[in-house]
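Enquirer: With the input below, show me the fold.
(one chain, ligands or ions: 2)
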Amino acid sequence: MKEQNLITAAWLSGSDHLPMSPLLLGGPGVGKNRLVYELARTSGNVLYIFQGHEDVTAEDLACSVRFSDNGNMMMDYMLSPLVTAMINGGICFIDEIGKIRPRALALLVSVLDERRYIDSTLLGERVYAHDGFRFIAATNSADINLLPEFILSRMKPLIRVDYPLPAEIDDVIREHFKGMNGEVNRLLDVFWTLWHSNARDHQTLSVRDALNVRTRIQTGSP
Ligand SMILES: Nc1ncnc2c1ncn2[C@@H]1O[C@H](COP(=O)(O)OP(=O)(O)O)[C@@H](O)[C@H]1O
Ligand SMILES: [Mg+2]
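Expert: Numbers count the residues shown, from 1 in each chain. Ligands and ions are numbered 1, 2, ... in the order given. You can find the predicted model right below:
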C-alpha cells in the first residue's frame with residue numbers, strides 16, 4: 001500500500017511538472033508485478049506490459065514488422081506496448097528492464113525526460129506521448145548494476161519492494177485459501193515448522209516461495 005501511494009504521487013502531473021517514472025527494485029517473487037497490476041486495476045488505467053530480456057533491440061521497443069496473415073506479400077507493422085500506451089494514454093510497464101541491453105535502452109531516453117517522444121526508424125515517425133501516458137519499470141535487485149546511468153538518472157523514485165514479514169505471508173496464505181476454513185491454520189503451522197527447520201540463516205522468503213512451498217505440502221512432493 002505504501003508503495004502504491006508513492007507511485008500514485010509520482011505520477012501526478014501539473015502545468016509546471018511532468019509525471020515521474022518510478023523504478024521498482026526487489027528480489028524475485030516479492031510482488032513487483034502484482035503491485036503494478038493492482039495499481040492499474042484501482043486507477044482504472046489500461047496496462048501495457050513489455051517483457052524485458054537480453055535480445056530486445058531498440059526497434060522492438062518501438063515497432064516490429066512481420067509478414068501479414070493476410071498474405072499477398074503484405075507486411076504488418078506492430079506497435080510495441082510502449083508506443084501503444086504512449087498513443088492511447090495508458091500505463092506502460094517494462095518488466096525486468098535490467099535485462100535489456102544499454103544499446104536498446106537508448107531509445108527510451110527521450111520518452112523518460114521532458115521530451116516525452118519516441119523515434120521509430122521503421123515507422124519513420126516521431127510519436128509524442130498522450131497526456132495520460134504513465135511509465136513504470138521493475139528490475140530484480142541483482143540486475144540494477146546493469147542499468148546504464150542515462151536510464152537510472154531518469155527513473156525516479158527508486159522504490160524498494162521488501163520481502164514480506166511473516167504476518168504478511170500469513171495474511172496472503174489465509175486470503176488465498178479462504179475456502180479451507182480451519183485447515184489454513186494447520187497448514188500455516190506445518191509450513192512455519194518446516195521453514196524454520198530447513199531454512200538457512202537469514203534466508204529470505206518471497207510471497208512466490210511461500211505459495212510454492214504450500215503447494216508442495218499439499219501435494220506431498222519434496
Ligand atoms: N500482497 C500479495 N498478496 C497476494 N499474493 C501476492 C502478493 N504479493 C505477491 N503475490 C503473489 O506472489 C507471486 C509472485 O509475485 P510477483 O508480483 O510475480 O513477484 P515479482 O514480480 O516481484 O517477481 C504471484 O503469484 C503473486 O500473485
Ligand atoms: Mg516480476
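Enquirer: CA atoms for contacts and neighbours, from now on please.
Expert: OK.
Enquirer: Next, the buried residues of the helix or strand containing F191.
Expert: Secondary structure from DSSP states H and E places F191 in helix 183-198. Across helix 183-198, burial judged by 16 or more other CA atoms under 10 Å covers 184, 187-188, 191.
Enquirer: now swap in stretch 58-73 and tell me
Expert: For stretch 58-73, by 16+ other CA under 10 Å, it's 58-64.
Enquirer: what do you get for stretch 157-172?
Expert: Quick answer for stretch 157-172 (16+ other CA under 10 Å): 157, 159, 161, 163-164, 169-170.
Enquirer: Serialize those to TSV and add fields for pLDDT, distance to F135 and secondary structure.
Expert: Below are these laid out as TSV (pLDDT from 0 to 100; distance: CA to CA, whole Å; DSSP: H, G, I helix; E, B strand; the rest coil):
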residue	pLDDT	distance to F135	secondary structure
P157	96	12	coil
I159	96	14	strand
V161	94	17	coil
Y163	92	24	coil
P164	90	25	coil
I169	91	29	helix
D170	91	32	helix
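Enquirer: of the buried residues of stretch 58-73, closest to K178?
Expert: L61 (40.9 Å; CA to CA).
Enquirer: give the contact list for the closest one.
Expert: 80-83, 104, 107 (CA atoms under 8 Å, 6 or more residues apart in numbering).
Enquirer: Recalculate using a threshold of 7 Å.
Expert: Applying CA atoms under 7 Å, 6 or more residues apart in numbering, we find L61 in contact with 80, 82.
Enquirer: try the one 4 residues further on
Expert: By CA under 7 Å, 6+ apart, the contact set of V65 is 75-78.
Enquirer: That one - that's part of a helix, no?
Expert: No - read with DSSP: H, G, I helix; E, B strand; the rest coil, V65 is strand and lies in no helix.
Enquirer: partner residues bridging it?
Expert: Y77 (DSSP bridges).
Enquirer: Give me the pLDDT value at it.
Expert: At V65, the predicted lDDT confidence score is 90.
Enquirer: Likewise for D69?
Expert: 86.
Enquirer: which SS class is it?
Expert: Under three-state DSSP, D69 falls in the coil class.
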